[in-house]
Each structure stands twice: as structure tokens, then as C-alpha cells.
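>>> Next input, structure requested:
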Amino acid sequence: MLSDHLYRLIILSALLAFWAMGLATIKAKSLTPDEPFHIIRSVAIQQRQDFRLQFEHTPLNHWISRLLLPKDIFPQLDQSEAWQPLERTIVTEEAFAALSDNELDQVRFLTRLPITLVGLLLICTIAAWSTRLGGTLAGLIATLLGAFSPNLIAHSALATTDLTAAASLTVAAFSLWHFQNSQRSWTTWLFAAVCLGIGLSGKMTNLILLPIWFVAIFFQQGAPLRRWGDLIGMGLIGGVVLWGFYRFGWGPITTISQELILPAGYFLDNLIISFSHVNQGHAVSYFWGQIKYNDGWLAYFPVAFTIKTQLPFLILLITALVTRPKILLQQKSLWMPVFFVLAVSIGANLNIGFRHILPVMPLLFVFTAVAISQLVSSDFSAGLNMNVPTAIVGVLLVWMIGRTVVQHPNHLSFFNELIGGSANGHLYLADSNLDWGQDLFAAEQYLDTRDVKNGMISPSLTVGSVYRLDYPRINLENADFSAANPSQGTYIIGYNRLKGIVLSTSEINQLNWFKQQEPIDTLNDTMVVYQVDEAKRGSWIAHCPVDQLDASDQFLRQLVNAPTADILALDCADDEWGLPKEDAGWLLVPQKQIEGENWELVYFHEPILGLPEYFVYFISNP
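Below you'll find the predicted structure:
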């Protein structure tokens, strides 16, 4: 049987491994698109105790992220002309533009580092809760499940709210369980009340703690007066704690009226904005080859959970649910948060990442660890006498640990073996599940090590604007990029951009040429590499009228990378178009044509969100 000393050693080793992988991931990964906005929220609190930039978010994570941040590293935000109109994107871009490269690296590290410590607190909470429920073996299994979870590692290395949301929800749920399963005292009561407030300040979705608290306490044994007293008293203290994170300030409910000023008004205002976002959906979402705008799929989160969770853990979880379901049903503090998180997420139209159901993972780790610990032999040993269930559990845990180590440091883009691993993740999910702009460093390193002279990078979403890249970006402002006939060079494109997950509708079709090409390489399963050996050459561009398309000479020449080509305006109503028959050139038409021997469809502009539909053919006359 494993001694207490060995148990502690394994748990300590797992915690150190978790932290080490988190630190290495911080160093290896560039900022994601959401992080600059969260960091500036931290700066606004640090400089001015101003919460106007919170926008859908509670401030707990931003208080934590600022702990190690030097006060003078950013310029004063109120010096920006965009501060009073509160144009948060401009404020953020200007603040980051003022940083040197070294300062940017410093900000990236110092704002992420405290979140790794929150991750350690989360793992310790998982271990403590599991040990209380199932003994030291349960605590050991829970620690391994949490410490080697790619999803927890990934988000512990980001200055975003998702890990803090999961940690604060788990701590709150544990405090409620502790209150109901310990001898009643003012310390356990106060601990639960304070943790309720901390949980509510972790993220707007943590408001599910309110119905959980009500159900758990209202239906517990005891006099009705005491139960109501517990509910009201804890609710008041939790509310005061939440208000404290807003420095006990008053603010306007701008979504209703600038004149309506209430305690924690910014929280209430952001709550309304958050509900609107959840109901309306995100601007663009991707799932299993489909794209939707301001809409979602009921199957999104069930599928995301199935393919982004470690397969060994899924096997253990299913085993636990089949063999020990009573453990979960008897613990309201475990199953109710899981139920509410999944119900809210599945019912919403906001389908942009597994991270929105991240809070269920620690709770499922606790349940699984307790259930599995009851299955294995009580005389668990490291020798040859272990029984079959113990051996199977051991193999699954080793598999899980090994898979995480192999995945390191690309934890954010993890997908399990059910779909063939991380290399196939882009076929099912995108956005923060896969390509969140975190591999910009890898893209530059790829080009640098190969001494590429003509390289272009297409970063995910807005993240590229934070970094001063050594290579040009693929965007609409880049006059050197031609969508239907790219120049010779090496192109590295994030899966989000390639699939049309962009912030501007004018960029949706920008990379369609590459969708018809075979990439020569992939980077960390998040970006693809294309090599264009030579651009096509032609002397003319013929075009038919296309509704809603301003086909100016400049536009056409830029589109096909032919700055000196002759422009031929055709009347497509005629059967004879009169195309040149000697030199090569391009034809732009509103309908797809039957390709001849020397006709090649090189570009298709999809009619999405009111955009015009047209096709570009290259005609290589002999």
C-alpha cells in the first residue's frame, strides 16, 4: 500500500508538473485576441480604479492579473482621446502600441503568471474535496486528473477569465459542501458566504451559484427560519464581497439610462450586456464544417466536450457514472453546478469555445476520482499483486499523463483520439478551441529558420495588431496581396482565418484561393503553410457586370496580381464574348462556367451576408 509520504510526493510532483507546464506555455505562446482587452481592464483598475471597461466581465480576474504588473509600464489610459468616448478597442491598441518589444513580453508574462497560481489553487481544491469525500487515493487520482488536463493547463497560461471562473466556481461549490457537511459554526458559515461572493465575481455565468445556493440550503434539514436566515445572510455577505471587487462604487446602468446610478452599477450594466450577447450569439461561429452568424448549435458543447476531453478521463468518467451514480446524485454541490453550466451553455447561442464549459471539469474530476477510488483495490500497491481494476486505472492514468506531455506546450489545440487527435481538430471546431492566435511566435520562427524572404502571415482575428511582425500580414490593407493570384512566397495562415472566422465581412472570402491548394506543412495543428512557387501571368482581365461589385480597374488588377493588364468590359448577354485568343488572362463572371481545356477556376467569392457572388477563371491560351 502506498504510504502517506509517497502519496504526498506524487501529489506535490503533479502540482509542480502542472505549474512547470503552465510557465513553459506562457513563454511559448503569443497573446490571444482577448488578452489585450483583459489586460487593459487590469490597467484601468490599477491606474484609476475604473470599471467602465469591464464590458460583460466581472473584475476578479483583472484584480489578479494586475498583481505583478509594474504600475508605470503602460501610459496613462486617460491621456488617450478615445478614453472619454470609451472606445475600448482604440484605447487598447494605443496602450499596447506604446510598449517596446521587451515591455510587451514582460506584460505577457506578468499578467499570465498569477493565473497559473490560481490554477494551482484549483488543483489543491480538487484534491482536498476528493480526499474529504473518498480518502487519500481519491485525492491522488483527482490531482492527476486536474494537473494533467490540457484544458486546465492551457487556460492557466492565459490572462483571460476562463480559468478564474472555473476556480472561483469550484471553490464556492466546495465551500457550500463544506458548510453542509461539517459541524455548524460561524467560521464555516462565513467561509461559504465569502466564497459565494468570490464565485459571483469570477464571471457573469457564475450567477448560476444563486439558484444552486437556494436549492442546496432551502431543502436542507433544519428549521425554516434558520434556512431563510442562511439564504438571506449569505446572499447579503456574498453581495457585499462582490461589491467590494468594484471598490464599493456606484455606477450608471447605461443600457437603461445614464441617470440610473446604483451600487455596483457597472456589474448590473455589464450583466445586461452579457445576457444580450448570450441570446444574440457571436458574430461568427464554426462547427463541424459549418459557419453560422449570430446563432449556434445544440450539439456544439456536447461534441466539444467529447472530443476536447482526454479519452482516458472519458473512460473513467463513464465507468464512474455507470458503477457509482449515487455518489454524484448525493452531492448537490457537485452535480448542480455541472447541470446549470451545461444547461446554460447548450441553450445559449454563444458557441465560440470549450472554455465556456471549463467549470464543469474540476467538479467531474472530483466525482470521477471518488468513484474510481472505490473501484480499485483497497490494498493498492505498486507491485505485481494489484488487481485488474487497479491495473486498468493505472494504465489509463499513465496514458492520460503521457498524452498531455506529448501535447505540451500546445494544450489549447488539444483534441483526443476519437477524431484522430489534434491534427483533425480543425475539421470540427475552431476559434478558441484551436487557433486563438497563440502560435504567432511559431509562425515567425518557422519563416526565420528557413530564411524565407517572401513570407506572409495571417494571424487569427485581431491578435496580429498587438505585435510588430517582421513579416507582412495578409489583410485588406496589404497592397502586395492578391486574393485570386498570390505572389510567389510562403504563406502561413491560421485555421480561423482560413475558415472565414473573421471580424470583418469584407475579409470572409479573402483566403478562398488557398482553400483549393494543398498545404506543405502545419504548425502546432493551428496554422497551415502554403508555398506559392510562381504567380500566374496574363495580359488581360475580362469581366461581366456583377451586382453589388464595384469592379474598378484598380480592383481587378489588384485581385489577380496583374498591374499592367488590359481591362475588357463584357456584355455577358451576348453569346460571343470576344475573349483574346493569343495571350493568357482572367475572366470574372457572376455565374459558374463550364471549364474548357485551358480554363481553370482559381477563385470563388461566396455570397455570404449580402456579399456579391462571382467566379474568376484563368484562361491559359496557347
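>>> For the stretch 101-250 of the chain, give me the ranges with low pLDDT.
Residues of the stretch 101-250 of the chain meeting the criterion pLDDT under 70: none.
>>> show me where it has helices.
With DSSP state H, counting those that start in this stretch as the criterion, the stretch 101-250 of the chain has helices at 101-134, 136-147, 150-156, 162-180, 186-200, 209-218, 224-244.
>>> in the stretch 201-350 of the chain, which spans are strands?
250-253, 257-263, 285-287, 290-292 (DSSP state E, counting those that start in this stretch).
>>> helices or strands next to the first one in the packing?
So that's strand 250-253. Other helices and strands packing on strand 250-253, by 3 or more Cβ pairs under 8 Å, 6 or more residues apart in numbering; DSSP states H and E, are strand 257-263, helix 265-280. C-beta coordinates here come from the backbone N, C-alpha and C atoms, glycine included.
>>> what sits up against the shortest one?
Yep, that's strand 257-263 we're talking about. Strand 257-263 is contacted from outside by 243, 248-253, 268, using Cβ atoms under 8 Å, 6 or more residues apart in numbering.
>>> Could you pick out the buried ones from those?
Burial by neighbour count, 16 or more other Cβ atoms under 10 Å: within those this picks out 243, 249, 251-253, 268.
>>> Rebuild the residues you listed as JSON lines, extending it with distance to S185.
What follows is the buried ones among the contacts of strand 257-263, written out as JSON lines (distance: Cβ to Cβ, whole Å):
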{"residue": "W243", "distance to S185": "25"}
{"residue": "G249", "distance to S185": "33"}
{"residue": "G251", "distance to S185": "36"}
{"residue": "P252", "distance to S185": "41"}
{"residue": "I253", "distance to S185": "39"}
{"residue": "L268", "distance to S185": "33"}
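>>> Which of these sits closest to L53?
Nearest to L53 out of these is G251 (Cβ to Cβ; 12.1 Å).
>>> For Y603, give me its contacts.
By Cβ under 8 Å, 6+ apart, the residues touching Y603 are 483-485, 512-513, 559, 615-616.
>>> So what pairs up with it in the strands?
Counting by DSSP bridges, Y603 is bridged to V616.
>>> out of the buried ones among the contacts of strand 257-263, who's nearest Y300?
Distance to Y300, by Cβ to Cβ, is smallest for L268 among the buried ones among the contacts of strand 257-263, at 28.9 Å.
>>> Compare the helices and strands packed on strand 250-253 and report which one is nearest to W83.
Taking Cβ to Cβ, helix 265-280 is the member of the helices and strands packed on strand 250-253 nearest to W83, at 16.0 Å.
>>> what comes up buried for that closest one?
Neighbour counts over helix 265-280 (16+ other Cβ under 10 Å) mark 265-271, 273-274, 277-278 as buried.
>>> Q84: how many residues sit nearby?
As a burial measure, Q84 scores 8 neighbours (other Cβ atoms under 10 Å).
>>> and the closest residue to H408 other than its chain neighbours, what element?
Leaving aside its sequence neighbours, H408 sits nearest to M21 (Cβ to Cβ, 6 or more residues apart in numbering; 5.5 Å). Using DSSP states H and E, M21 falls within helix 4-28.
>>> could you say what helices and strands the next helix or strand after that helix packs with?
Using DSSP H and E, the helix or strand that directly follows helix 4-28 along the chain is helix 35-48. Contacts defined by 3+ Cβ pairs under 8 Å, 6+ apart place helix 35-48 against helix 60-65, helix 88-97, helix 101-134.
>>> What helices and strands are in contact with the longest one?
Under the contact criterion of 3+ Cβ pairs under 8 Å, 6+ apart, helix 101-134 touches helix 4-28, helix 35-48, helix 60-65, helix 136-147, helix 150-156, helix 162-180, helix 360-375.
>>> so which of those gets nearest C544?
Nearest to C544, of the helices and strands packed on helix 101-134 and by Cβ to Cβ, is helix 35-48 at 43.9 Å.
>>> where exactly do the strands run in the stretch 351-500 of the chain?
With strands called from DSSP E, counting those that start in this stretch, the stretch 351-500 of the chain shows them at 455-458, 489-494.
>>> Dump these into CSV; add distance to M400 and mean neighbour count as well.
Compiled in CSV, those are given as follows (distance: least, Cβ to Cβ, whole Å; neighbours: other Cβ atoms under 10 Å):
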stretch, distance to M400, mean neighbour count
strand 455-458, 34, 24
strand 489-494, 28, 24
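>>> any weak-confidence spans in the stretch 351-500 of the chain?
377-386, 461-465, 476-479.
>>> what's around L334, how many residues?
Neighbour number of L334 under other Cβ under 10 Å is 23.
>>> my read: D230 touches W189, true?
Yes. Judged on Cβ atoms under 8 Å, D230 makes contact with W189 at a distance of 7.2 Å.
>>> Show me which of those two is the more surrounded one.
Between D230 and W189, counted using other Cβ under 10 Å, D230 has the larger neighbour count: 22 against 17.
>>> mind listing what the more buried one touches?
In this structure, D230 makes contact with 189, 217, judged by Cβ under 8 Å, 6+ apart.
>>> and the gap between it and R184?
D230 sits 10 Å away from R184, going by Cβ to Cβ, to the nearest Å.
>>> Pull the contacting residues for V303.
Listed by Cβ under 8 Å, 6+ apart, the contact set of V303 reads 287-288, 428-429.
>>> wait, which of those residues is closest to F96?
L429 (28.1 Å).
>>> Could you list everything that closest one pairs with in the sheet?
Counting by DSSP bridges, L429 forms beta bridges with F287.
>>> what about A98, distance to W288?
Separation of A98 from W288 (Cβ to Cβ) stands at 42 Å.
>>> do I474 as well
To W288, I474 is 26 Å away according to Cβ to Cβ.
>>> Looking at the two, which one has more neighbours?
The residue with more neighbours, out of I474 and W288, is I474; 24 against 11, by other Cβ under 10 Å.
>>> isn't the more buried one right up against M456?
Yes. In this structure, I474 is within contact of M456 by Cβ under 8 Å, at 5.1 Å.
>>> which residues are common contacts for those two?
Residues touching both I474 and M456 (Cβ under 8 Å, 6+ apart): 481, 491.
>>> picking up where we left off before, which of the contacts of strand 257-263 lies closest to P70?
Nearest to P70 out of the contacts of strand 257-263 is G249 (Cβ to Cβ; 24.8 Å).
>>> how about that closest one, what does it touch?
Counting by Cβ under 8 Å, 6+ apart, G249 makes contact with 49, 51, 263-266.
>>> go again using 10 Å as the cut-off
Counting by Cβ atoms under 10 Å, 6 or more residues apart in numbering, G249 touches 49-51, 243, 261, 263-267.
>>> can you list those residues in JSON lines and add distance to M234?
Below are the contacts of G249 laid out as JSON lines (distance: Cβ to Cβ, whole Å):
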{"residue": "Q49", "distance to M234": "27"}
{"residue": "D50", "distance to M234": "30"}
{"residue": "F51", "distance to M234": "24"}
{"residue": "W243", "distance to M234": "15"}
{"residue": "I261", "distance to M234": "27"}
{"residue": "P263", "distance to M234": "18"}
{"residue": "A264", "distance to M234": "17"}
{"residue": "G265", "distance to M234": "23"}
{"residue": "Y266", "distance to M234": "23"}
{"residue": "F267", "distance to M234": "18"}
